[in-house]
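Asks: What follows is a protein structure lacking sequence information:
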């Protein structure tokens, strides 16, 4: 990131009850460069309002993916185009 | 068995290469009461001719069943109506 | 629970539909189909002839199936085994095990195949491209595989 | 090797025929079908709605399938998962694993299901007879079952 671009835009997606609690399935979020990891992004999102705060309240019940691959809270989002949040999967 | 019936008749069946070697798929055999086990029956059958002797030459390659249930050489054939001989099974 | 020995082919969709119809407690259907292979060591295989012991086959398969049904609490199950002359690509055997959950369905399907392989009175004779016939030898590995279920053999 | 996500039902006979056609090295076809259950704790289930993450689902299923194909030397495989609203008795998922011998076919089929259950981004919402909706909780036992294959999770 250059000094002229202290933020970048990331697509954020929500599934299952995270989608229901936030009321959003997909959005474009301006993310400051200081936001380095999935966990940092969660803090940024929670600060946006009570529905986001509630959706992420139980960190152990929320999983994340970066660009269609499972990611841990500590994973870097420096190169991320799309970050998704969802509960543990229940397919099959 | 009463003393008036020192022999009984048993159906003997042969499958796969035992059928081919003996040239028989099914026969009725008069079995003296002294023939008590599957192994005894094998000895009786082997004595009937070279094709039977050859069919049973490799005892470890021959399996037996009494009345449609797997049986060991030591199994009693006192109550048997039908005894079958065949190689180890290869279905599935 | 049923077993069948037949010359005709089977249709797995039809068999599953018949087994599961009206039974909404079934959440898992594990199926195995064994087929006549060619290629590899069987490169020259022209056909395979399946012989069996009528009467004992059904009795033995029923015993194996009853054991599986009880051990794995199956909702439904089916074993179909073909006999007669088959060619590479043909189906030989079909096993279906239905249970509420997948663990028991998978285990029962494997159990049924392992015991069928070592207990059910079927014999295969292969005919090679040059017309020569050869009885297939039993594989010791099949016996070892079946032993893992630790049932007392008669 | 292929994966599909679809609303429509699948036909297992058709899928097996398409996978095995012309491949005479296949001696074993292991199949699993997961279905919507009713009865027991789900006695009041009216329907189940399957949501997924388009794009990631296909990517994740393809990763799981490629791992299975390599690990178990599969001749062919298929994963089909339905989405949308399903009712008790409906099919949810189909997994087919084809290999020369049954050991690898069975193991691959179980492996595919275990990883699909813990990795593929699908979520189930149950609607009960009284119209109430409830997201299904993930089962810890599924995670434990998947762990037995000892793959490093990301």
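Replies: Thanks, I have it. Model, not experiment: these values are computed from the prediction.

Asks: only C-alpha atoms for contact and neighbour calcs from this point on.
Replies: Fine.

Asks: Now do the helices in chain C.
Replies: C:12-20, C:56-71, C:102-119, C:140-147 (DSSP state H).

Asks: tell me the contacts of the residue lying closest to residue A:70 once chain neighbours are set aside?
Replies: Residue nearest to residue A:70 in three dimensions, not counting chain neighbours: residue A:64, with 6.1 Å by Cα to Cα, 6 or more residues apart in numbering or on different chains. The neighbours of residue A:64, taking Cα atoms under 8 Å, 6 or more residues apart in numbering or on different chains as the test, are A:38, A:70, A:71, A:72, A:73, A:83, A:84, A:85, A:86.

Asks: Now the buried members of the residues you listed.
Replies: A:38, A:70, A:71, A:73, A:83, A:84, A:85, A:86 (16 or more other Cα atoms under 10 Å in any protein chain shown).

Asks: pretty sure the fifth one contacts residue A:15?
Replies: No - when contacts are counted by Cα atoms under 8 Å, residue A:83 is not listed as touching residue A:15 (11.4 Å).

Asks: ok, the buried ones among the contacts of residue A:64 vs chain B, which is closest?
Replies: residue A:70 (40.9 Å; Cα to the nearest Cα).

Asks: So the closest one, which state does it fall into?
Replies: strand (DSSP: H, G, I helix; E, B strand; the rest coil).

Asks: Give the burial count for residue C:150, as a bare number.
Replies: Neighbour count for residue C:150, taken as other Cα atoms under 10 Å in any protein chain shown: 7.

Asks: mind checking how far it is from residue C:79?
Replies: 21 Å (Cα to Cα, to the nearest Å).

Asks: do residue A:73 as well
Replies: 49 Å.

Asks: One more: residue C:2?
Replies: From residue C:2 to residue C:79 the distance is 7 Å (Cα to Cα).

Asks: So residue A:18 lies in a strand, does it not?
Replies: No - the assignment for residue A:18, made by three-state DSSP, is helix rather than a strand.

Asks: is it true that it touches residue A:87?
Replies: Yes - taking contacts as Cα under 8 Å, residue A:18 lies within contact range of residue A:87: 7.3 Å.

Asks: Give me the phi and psi for residue A:41.
Replies: When read as degrees, to the nearest 10, the backbone of residue A:41 gives phi -60, psi -40.

Asks: pretty sure it contacts residue A:35?
Replies: Yes - assessed by Cα under 8 Å, residue A:41 is found in contact with residue A:35 at 6.1 Å.

Asks: that older thread, present the buried ones among the contacts of residue A:64 as JSON lines; the columns should include pLDDT.
Replies: Formatted as JSON lines, the buried ones among the contacts of residue A:64 follow (pLDDT from 0 to 100):
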{"residue": "A:38", "pLDDT": "98"}
{"residue": "A:70", "pLDDT": "98"}
{"residue": "A:71", "pLDDT": "98"}
{"residue": "A:73", "pLDDT": "97"}
{"residue": "A:83", "pLDDT": "98"}
{"residue": "A:84", "pLDDT": "98"}
{"residue": "A:85", "pLDDT": "98"}
{"residue": "A:86", "pLDDT": "98"}
